[in-house]
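Student: okay, here's the prediction I keep looking at, along with the sequence it came from:
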Amino acid sequence: MPHFGNSLRALRKTRGQTQQALAIAAGISKGYLSKIEASARPPTFSTLQSIAAVLDAEVGDLLDFQTTPARSANLEIHEPGEGSWQQAGEPGGYAFLPLAGRYRQKYLSPFLMEVAPGTTSYFKHDGEEFLHVLDGTVELEYEGRRHTLQAGASAYLDSRIKHRFHNPTRKPAKVLAVNFVYRRF
């Protein structure tokens, strides 16, 4: 797989964006964007969505996500083995697997998350989020409270409010997450 930061930098330059302009439009600092471009790993999924929207790209384009050719402009099927798990940010937080590669002009972003033991960083991004725990246990920290979600439990939240995950066990937890972004950039 290509070095993530190099691919992002090349796309940014192709689109004629400076680091400063892209950072402002994506709602992140120029220093953070510089760190992302120097990293082999992508940022959190929500940051990746913001960057892709500003660059008029698909999240899958940024991740070199390969899917089966579209059967229709209105249908995408994700086959087992398509795509690859991406470690978000620093090791130990979470990894994600996009379940759809063509996000452009779409409002939903479905992906699987694997939450490692420990605590992730805080997230805060436009939209709403639906979570369903497939395996293991995660604690959702939201509005200053921890909510324990075990396999089979779901949560729906306003993702503009900072939140994070804590996995109190020794094994990774698997979560189906669907982000709904109602504001298109």
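Tutor: That came through fine. Computed from a prediction, not measured in an experiment: that's the story for all the values here. Residues are numbered from 1 along each chain as shown.

Student: how far away is Gly127 from Leu157?
Tutor: 10 Å (Cβ to Cβ, to the nearest Å). Backbone N, C-alpha and C define where each C-beta goes, glycine included.

Student: which of those two has more neighbours?
Tutor: Counted by other Cβ atoms under 10 Å, Gly127 and Leu157 do not tie: Gly127 has more neighbours, with 19 against 16.

Student: need the pLDDT of the more buried one.
Tutor: In the prediction, the pLDDT value recorded for Gly127 is 86.

Student: which residues does the closest residue to it other than its chain neighbours contact?
Tutor: Counting by Cβ to Cβ, 6 or more residues apart in numbering, Val181 is the residue found nearest to Gly127 once chain neighbours are left out, at 4.1 Å. Contact partners of Val181, counting by Cβ atoms under 8 Å, 6 or more residues apart in numbering, are Gln49, Ala53, Tyr107, Ser109, Asp126, Gly127.

Student: confidence score at the residue most central in space within the chain?
Tutor: Computing the C-alpha centroid of the chain and ranking residues by Cα atoms, centre = their mean puts Phe45 first, at 1.4 Å. Looking at Phe45, its pLDDT is 75.

Student: from Leu8, how far off is it?
Tutor: Following Cβ to Cβ, the distance that separates Phe45 from Leu8 is 14 Å.

Student: so can I have JSON lines of the contacts of Val181 showing distance to Phe96 and secondary structure?
Tutor: Formatted as JSON lines, the contacts of Val181 follow (distance: Cβ to Cβ, whole Å; DSSP: H, G, I helix; E, B strand; the rest coil):
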{"residue": "Gln49", "distance to Phe96": "11", "secondary structure": "helix"}
{"residue": "Ala53", "distance to Phe96": "17", "secondary structure": "helix"}
{"residue": "Tyr107", "distance to Phe96": "18", "secondary structure": "coil"}
{"residue": "Ser109", "distance to Phe96": "10", "secondary structure": "strand"}
{"residue": "Asp126", "distance to Phe96": "18", "secondary structure": "coil"}
{"residue": "Gly127", "distance to Phe96": "16", "secondary structure": "coil"}
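
Student: buried members of the residues you listed into ChimeraX, please.
Tutor: In ChimeraX, this line selects whichever of those come out buried by 16 or more other Cβ atoms under 10 Å:
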select :49,53,109,126,127
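
Student: from the contacts of Val181, which is closest to Ser84?
Tutor: The closest of these to Ser84 turns out to be Ser109 (Cβ to Cβ; 16.7 Å).

Student: quick one: the closest one and Ile77, what's the gap?
Tutor: Taken as Cβ to Cβ, the span from Ser109 to Ile77 is 16 Å.

Student: buried ones in stretch 82-91?
Tutor: Buried, per 16+ other Cβ under 10 Å, within stretch 82-91: Glu82, Gly83, Gln86, Gln87, Ala88, Gly89.
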